[in-house]
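*Asks:* Any chance you can model this:
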Amino acid sequence: MLVATLLVSSFIIFSSLYIAPGNPIAALSGGRSLPPSSVKALEDRYHLNDPFFVQYGLWLRNAARGDLGYSITVREDVSTLIASRVGTTAGLVLYASLMILAFGIGLGLLSGLRKGPVDTGVLVVTAISAAIPSFVAAIVLILVFSVKLGWFPSLGSGSGFAGAVYHLTLPAFALAISSLAIVARVTRAAVREEMGREHVQTAVSRGIPRRQLVRRHVLRNAAIPITTISGITIASLIAVAAVVERAFGLNGLGAYLVASSQSKDFAVVQGISLVLVTAFVVVNVLVDVLYAVLDPRVSLGSRDR
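*Replies:* Reported below is the predicted structural model:
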């Protein structure tokens, strides 16, 4: 299933750029007028006169070997360009994912187990934060915590582990804020549902400690829906990261994908798109595996509760 999904994704990526408007020779030459001999050399090098499926097969074969082509703007291998930027994007998405899991699930549990002002407060905060787009959150965070208070830097990704954590805190929070709220609300709903089940209420009436019930029954049974929404939101961060990277001046894959699209550097666009789609598919496969670990009754590839 993983291989089939990646094949279909690679075909869509290649096809989209193949049918995109514009002349490939003009893109390769940077818009300059070339003599016929140079045009012929470019056509032979990039197999531009070959049938579509031949071109796709050659590109896919090279991509499987780690050869994603050659950038026409910076004159470097696409694989090298991606490798120099993937760490920034991976660190940003990982940091945001940790925020989502820690604060999202934590707030959801707090709201689900405690009624009254605490529950109302969490619902209000998550309702507001769920409606805030990442680019709006980025602007507000830069204005408040970088410009006004000066607590965090607004540009760059830092150096070393401590420097990276310091520089990526605001971008990660901007990336995570709406997803965090969604995870919190789903967690609250799942916990409330489990707490209302008959066997849990019976155990409560028999005097079994609440903490023991939550640990042994509620959290275990609520793990599947929580894992589902967490996996979906974390996978979606891969696509949304481009907006946050541009806002904070991060040298990541998302920002570079936007810049390459503007400069019509097709090889870079294809390479980054393939890497991002692969990461998205791999995250979803890991979530499927986690389902089977959490509940042996759930078979791999199934997301039924």
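*Asks:* Check which residues of stretch 227-238 are buried.
*Replies:* Neighbour counts over stretch 227-238 (16 or more other CB atoms under 10 Å) mark 227-235, 237-238 as buried. Where C-beta positions appear, they are placed from N, C-alpha and C, glycine not excepted.
*Asks:* just stretch 99-113 next, same as before
*Replies:* Result for stretch 99-113 [16+ other CB under 10 Å]: buried residues 99-101, 103-105, 107-113.
*Asks:* Then stretch 149-160?
*Replies:* The neighbour-count check on stretch 149-160 (16+ other CB under 10 Å) flags 152-154, 157-158 as buried.
*Asks:* Now intersect the buried residues of stretch 227-238 with the helices, please.
*Replies:* Of these, the ones assigned to helices by DSSP state H are 227-235, 237-238.
*Asks:* closest to residue 40 among the buried residues of stretch 149-160?
*Replies:* Nearest to residue 40 among the buried residues of stretch 149-160 is residue 157, at 43.2 Å by CB to CB.
*Asks:* which element is the closest one on?
*Replies:* For residue 157, there is no helix or strand it lies in under DSSP states H and E.
*Asks:* And the one 5 residues further on, by the same measure?
*Replies:* When secondary structure is defined using DSSP H and E, the element that contains residue 162 is helix 160-195.
*Asks:* and that helix, what does it pack onto?
*Replies:* Helix 160-195 is packed against helix 78-99, helix 105-113, helix 117-130, helix 134-141, helix 219-248, with contacts defined by 3 or more CB pairs under 8 Å, 6 or more residues apart in numbering; DSSP states H and E.
*Asks:* what angle sits between the second one and helix 219-248?
*Replies:* Helix 105-113 and helix 219-248 meet at an angle of 130 degrees, taking axes from the mean of the first three to the mean of the last three CA atoms, to 10 degrees as the criterion.
*Asks:* for the third one, same thing?
*Replies:* Between the axis of helix 117-130 and that of helix 219-248 there is an angle of 40 degrees, by the same axes, to 10 degrees.
*Asks:* The fourth one now?
*Replies:* Using the same axes, to 10 degrees, the direction of helix 134-141 lies 70 degrees away from that of helix 219-248.
*Asks:* Just the buried residues of helix 134-141, please?
*Replies:* Buried residues in helix 134-141 (16+ other CB under 10 Å): 134, 137-138, 141.
*Asks:* And the residues you listed, which is closest to residue 125?
*Replies:* Closest approach to residue 125 among these (CB to CB): residue 137, at 13.6 Å.
*Asks:* any weak-confidence spans in the protein?
*Replies:* Judged by pLDDT under 70, the chain has its weakly predicted residues at 1-2, 17-18, 20-35, 38-39, 41-48, 194-218, 292, 294-305.
*Asks:* hmm, try it at 50
*Replies:* Counting by pLDDT under 50, the chain contains low-confidence ranges at 303-305.
*Asks:* Quick test: name the residue nearest the centre of it.
*Replies:* residue 238 (1.9 Å; CA atoms, centre = their mean).
*Asks:* Give me the phi and psi angles of residue 69.
*Replies:* Per-residue torsions, residue 69: phi 110, psi -170 (degrees, to the nearest 10).
*Asks:* any idea how far it lies from residue 88?
*Replies:* Separation of residue 69 from residue 88 (CB to CB, to the nearest Å) stands at 21 Å.
*Asks:* More neighbours: the two, which one.
*Replies:* residue 88 (25 against 18; other CB atoms under 10 Å).
*Asks:* Chain neighbours aside, what residue packs nearest to that one?
*Replies:* residue 252 (4.0 Å; CB to CB, 6 or more residues apart in numbering).
*Asks:* just checking, that neighbour touches residue 245?
*Replies:* Yes. Look at residue 252 against residue 245 with CB atoms under 8 Å: they come within range, at 4.3 Å.
*Asks:* Between the two, which contacts overlap?
*Replies:* Common neighbours of residue 252 and residue 245 are listed as 88-89, 92 (criterion: CB atoms under 8 Å, 6 or more residues apart in numbering).
*Asks:* Which one of those is nearest to residue 11?
*Replies:* residue 89 (23.9 Å).
*Asks:* Quick check, the closest one in contact with residue 239.
*Replies:* No. Using CB under 8 Å, residue 89 makes no contact with residue 239, being 11.0 Å away.
*Asks:* With distance to residue 54 as added columns, please give the shared contacts of residue 252 and residue 245 in TSV.
*Replies:* Listed next are the shared contacts of residue 252 and residue 245 as TSV, based on distance: CB to CB, whole Å:
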residue	distance to residue 54
88	36
89	32
92	38
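*Asks:* Would you mind pulling the contact partners of stretch 223-240?
*Replies:* 89, 93, 96-97, 100-101, 104-105, 108, 134, 175-176, 179, 182-183, 186-187, 189-190, 254, 276, 279-280, 283-284, 286-287, 290-291, 294-295, 298, 303, 305.
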